[in-house]
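Visitor: Have a look; sequence and predicted model below, questions after that.
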Amino acid sequence: MESPNGHSNREAVYEKGVISLPGAVALGSGVMIGAGVLAVTGQIAELSGALFPLAFVVAAVVSGFSAYSYIKLAKAYPSAGGIATFLQKCYGDGVLTAGLALLMYLSMVLNQSLVARTFGTYVMQLFDIAPDSVLVSALGVVLLLVAMVVNLVGTEAVERLSLLTAAVKIGGLVVFASAILWLSDSGLRLGTSAPDDTGIASLLGAVALGVLAYKGFTTITNQGDELVEPRKNVGRAIIISIVICAALYLLVSLAVASQLTVPEIINARDYALAEAARPFFGDAGLWFTVGFAVIATSTGVMVSVFAVSRMLAMLTKMKLVPHSHFGMPGSIQKHTVVYTVAIAIALTVLGDLSRIASLGAIIYIAMDIGIHWGVITKVRDATEIVVWVPALAIVLDLAVLGGLVWVKIGSDQMLVVAAIAVFVLVFGGEWLYLRFAASTDR
């Protein structure tokens, strides 16, 4: 029997202790590896020039300071709702909680479309088809549909898939990138051909995109009580995932830099790793890179859908967003999987890699600032934080966000307009919805 709001018997039931620490690390790093190495390397190089390997390192530092707040929140409030629950603890059941949580949700969906298009781009390299071909978005849509099916099967299926592919992705990258560096006798090729106009704003903008490559660690917070000893292992899984990915990103960026100049990386911005493999490995290297890309992007999308659908389900349970079953059976969480993939498909078809990445970074960093501010001002005692750490995280976020926005004001004003429109629609829409919901409950 359903309650008047139609939610009671449709709420997801999460099993305690079904996700291990290695499984959590695989889930978190799975999201990061797909987005970081493959999707944004060329864009980071375009903004930071010869310093692009360093941009990944600085982004890891920024993400490390940000992770502190999430670790403390997860220890105090472990929940399958993750960030949605954290925001509720900080700001209550209002517009700010709902709006910031939806920003996080949208940033993750943008990430899914980014990785899905990257999947299509790499596969098309086997057939020498341009990255702007409609086939790229078509393959991305196919990947998203497969991710939806896998997530509808259940939690354990996603974890098993993540664990199975984690070793392949990490080990394959280490071996492949190390082989490129070992065989290269020319050193790094970046310095002699870097752009001359790289300034502090561009460097900060590059770091902002680098932060996007690490933000997958936030998906670990959505595992809540499903994770074994969540109060301990959420933090451990986050730290391990960031360290693993930082090392991988640096290794791969150095391998790419040993084979390609900055202009060459920019020219192959959507498939830089495949291009770097050509000099030594030829067609075999291309096939290996594409195979790795298929594994990394497909599992990254599946894990991302796994995490973000749970957050949207939690927002629904909190009655902070509207929900309709549209005649679908099953729990609300199953419905949110479908809704999430539907939105990601629309973005995959309509967007391009550069704009998707930049918009995702802007939205995510804005939400991240809201998390740190809430920790400092609302739940300082409950989380037992050391205040200067989230305060420094806010300063770093503002710096990299300001750099990215400044660069885009000069090069892509429509993107900035789109970002402003997202903020207005999200917070304005939430204000209207919550006001309407309050009036109907009277």
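Guide: Nice, I can see it. If you're wondering where the values come from, they're calculated on a predicted model, not measured in any experiment. Residues are numbered from 1 along each chain as shown.
Visitor: Please name the nearest non-neighbouring residue to L312.
Guide: T336 (4.1 Å; CB to CB, 6 or more residues apart in numbering). In short, each C-beta sits where N, CA and C put it, glycine included.
Visitor: How about the contacts made by that neighbour?
Guide: 309-310, 312-313, 316 (CB atoms under 8 Å, 6 or more residues apart in numbering).
Visitor: looking at this, R269 is in a helix?
Guide: No: read with DSSP: H, G, I helix; E, B strand; the rest coil, R269 is coil and lies in no helix.
Visitor: wait, what's in contact with the residue lying closest to H372 once chain neighbours are set aside?
Guide: Residue nearest to H372 in three dimensions, not counting chain neighbours: P390, with 4.0 Å by CB to CB, 6+ apart. Residues counted as contacts of P390 (CB under 8 Å, 6+ apart) are 65, 68-69, 372, 375-376.
Visitor: Ranking by neighbours, what's the top pick from the contacts of T336?
Guide: A313 (30 neighbours; other CB atoms under 10 Å).
Visitor: quick revisit: pLDDT-wise, what's the bottom of the contacts of T336?
Guide: Among those, R310 has the lowest pLDDT, at 79.
Visitor: Report the secondary structure element holding that residue.
Guide: helix 272-317 (DSSP states H and E).
Visitor: Including distance to F280, could the contacts of T336 go into TSV?
Guide: Shown next, in TSV, are these (distance: CB to CB, whole Å):
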residue	distance to F280
S309	41
R310	42
L312	44
A313	47
T316	51
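Visitor: List just the nearest of the residues you listed to A247.
Guide: For the contacts of T336, the residue nearest A247 by CB to CB is R310; the value is 28.5 Å.
Visitor: Could you measure from I356 over to I44?
Guide: Counting by CB to CB, to the nearest Å, the gap from I356 to I44 is 15 Å.
Visitor: next one: A116
Guide: In terms of CB to CB, A116 sits 20 Å off from I44.
Visitor: residues of stretch 61-77 that come out buried?
Guide: For stretch 61-77, the neighbour count (16 or more other CB atoms under 10 Å) marks 62-77 as buried.
Visitor: ok, back up a step: what about A116 and I44, which has more around it?
Guide: A116 (33 against 30).
Visitor: who's in contact with the residue nearest to that one when sequence neighbours are not counted?
Guide: Among residues not flanking A116 along the chain, G140 sits closest, at 3.4 Å (CB to CB, 6+ apart). By CB under 8 Å, 6+ apart, the contact set of G140 is 113, 116-117, 119-120, 345, 348.
Visitor: same deal with A201?
Guide: 402-403, 406-407.
Visitor: rerun at 7 Å
Guide: Contacts of A201 were listed using CB atoms under 7 Å, 6 or more residues apart in numbering, and they are 403, 406-407.
Visitor: Now the buried members of these.
Guide: Among those, those classed as buried by 16+ other CB under 10 Å are 403, 406-407.
Visitor: Going by distance to V294, which of the residues you listed wins?
Guide: Closest approach between the buried ones among the contacts of A201 and V294, by CB to CB: V407, at 31.6 Å.
Visitor: Which residue is the nearest non-sequential neighbour of that closest one?
Guide: G205 (4.2 Å).
Visitor: Please point out which parts of the helix or strand hosting that neighbour sit buried.
Guide: Per DSSP H and E, G205 falls inside helix 200-214. By 16+ other CB under 10 Å, the buried positions in helix 200-214 come out as 201-214.
Visitor: Quick one: the residues you listed as JSON lines, columns for pLDDT too.
Guide: Listed next are the buried residues of helix 200-214 as JSON lines, based on pLDDT from 0 to 100:
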{"residue": "A201", "pLDDT": "91"}
{"residue": "S202", "pLDDT": "91"}
{"residue": "L203", "pLDDT": "91"}
{"residue": "L204", "pLDDT": "94"}
{"residue": "G205", "pLDDT": "94"}
{"residue": "A206", "pLDDT": "93"}
{"residue": "V207", "pLDDT": "95"}
{"residue": "A208", "pLDDT": "95"}
{"residue": "L209", "pLDDT": "92"}
{"residue": "G210", "pLDDT": "91"}
{"residue": "V211", "pLDDT": "93"}
{"residue": "L212", "pLDDT": "87"}
{"residue": "A213", "pLDDT": "86"}
{"residue": "Y214", "pLDDT": "91"}
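Visitor: So which of these is the closest to S241?
Guide: Among the buried residues of helix 200-214, and counting by CB to CB, the member closest to S241 is Y214, at 8.6 Å.
Visitor: if I look at the closest residue in space to that closest one that isn't next to it in sequence, how far off is L144?
Guide: Using CB to CB, 6+ apart and skipping the chain neighbours, the partner closest in space to Y214 is S63 (3.9 Å). Distance, S63 to L144, using CB to CB: 26 Å.
Visitor: Equivalent analysis for L103, please.
Guide: Distance from L103 to L144, counting by CB to CB: 21 Å.
Visitor: so how far is the strand or helix carrying S63 from its chain's centroid?
Guide: Using DSSP H and E, S63 maps to helix 52-76. On the basis of CA atoms, centre = their mean, to the nearest Å, helix 52-76 is displaced by 13 Å from the centre of the chain it belongs to.
Visitor: Following element in sequence after it, please.
Guide: Next element after helix 52-76 (DSSP H and E): helix 83-91.
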